[in-house]
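In: no sequence on this one, just coordinates:
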């Protein structure tokens with residue numbers, strides 16, 4: 001049995017070990033932070049960025065992110081915003097109050113609707129869903145408007161499920177046709 005003089009040293013060594021283990025845990029946790037590329041790799045068979053499609057009104061519309069998933073095509077409009085966001089379905093502008101500033105931006109719901117409509121023109125026979133994707137530390141303190149999603153929610157909602165190979169095989173010709181109609185921005 002150790003001498004009584006060693007107990008304080010053993011206690012300090014034990015505390016240092018606990019602190020070290022906690023630091024390793026925090027570093028690993030930070031390393032697993034969800035990013036759009038990481039989520040896309042998990043949920044999408046293919047992912048294209050910055051596509052331009054005819055909008056059906058003699059113009060063009062840019063699709064920020066388009067993914068082929070087991071549930072169909074996913075149109076994402078990315079918003080990298082940090083802070084508290086105050087926005088609603090009927091508001092023309094949404095407000096962000098961050099730690100160092102306050103600003104507004106145009107309600108993105110109409111634009112995501114237009115982007116989804118442009119994609120559906122070319123692939124009417126498969127599901128096309130659009131979301132406004134908020135990354136970072138975005139918080140909706142007064143309720144979240146329709147069509148808004150976060151990275152963790154997207155990752156969970158579109159997580160791959162077993163037995164979707166036939167569905168993806170059926171979606172692929174539509175995906176390829178859509179890509180032929182598009183151009184890179």
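Out: Great, that's in hand. Quantities reported herein were computed from a predicted structural model and do not represent experimental measurements.
In: Which stretches in this protein count as helices?
Out: 7-31, 36-43, 109-122, 151-157, 165-181 (DSSP state H).
In: Identify each buried residue in the second one, please.
Out: Within helix 36-43, the residues that qualify as buried by neighbour count (16 or more other C-beta atoms under 10 Å) are 36, 39-40, 43. Where you see a C-beta, it was placed from the backbone N, CA and C, and this is true even at glycine.
In: any idea how far residue 136 is from the most centrally placed residue in the chain?
Out: For the chain, the residue nearest the mean C-alpha position is residue 151 (3.6 Å; C-alpha atoms, centre = their mean). Distance of residue 151 to residue 136, given as C-beta to C-beta, to the nearest Å: 9 Å.
In: and residue 92, what does it touch?
Out: 106-107 (C-beta atoms under 8 Å, 6 or more residues apart in numbering).
In: Find me the pLDDT at it, would you?
Out: Note on residue 92: pLDDT of 95.
In: Look up how far residue 12 lies from it.
Out: Taken as C-beta to C-beta, the span from residue 92 to residue 12 is 61 Å.
In: remind me which residues of the chain are low pLDDT?
Out: Segments of the chain classed as low confidence (criterion: pLDDT under 70) are 1-4, 23-32, 162-163, 184-185.
In: can I see the domain layout of it?
Out: 1-32, 36-184 (automatic domain parsing).
In: deepest of the ones you listed, which one?
Out: domain 36-184 (a mean of 16; mean count of other C-beta atoms under 10 Å).
In: which residue sits closest to residue 105, ignoring its sequence neighbours?
Out: Nearest residue to residue 105, sequence neighbours excluded (C-beta to C-beta, 6 or more residues apart in numbering): residue 94, at 5.9 Å.
In: now that neighbour: how far from residue 132?
Out: Relative to residue 132, residue 94 is positioned 10 Å away (C-beta to C-beta).
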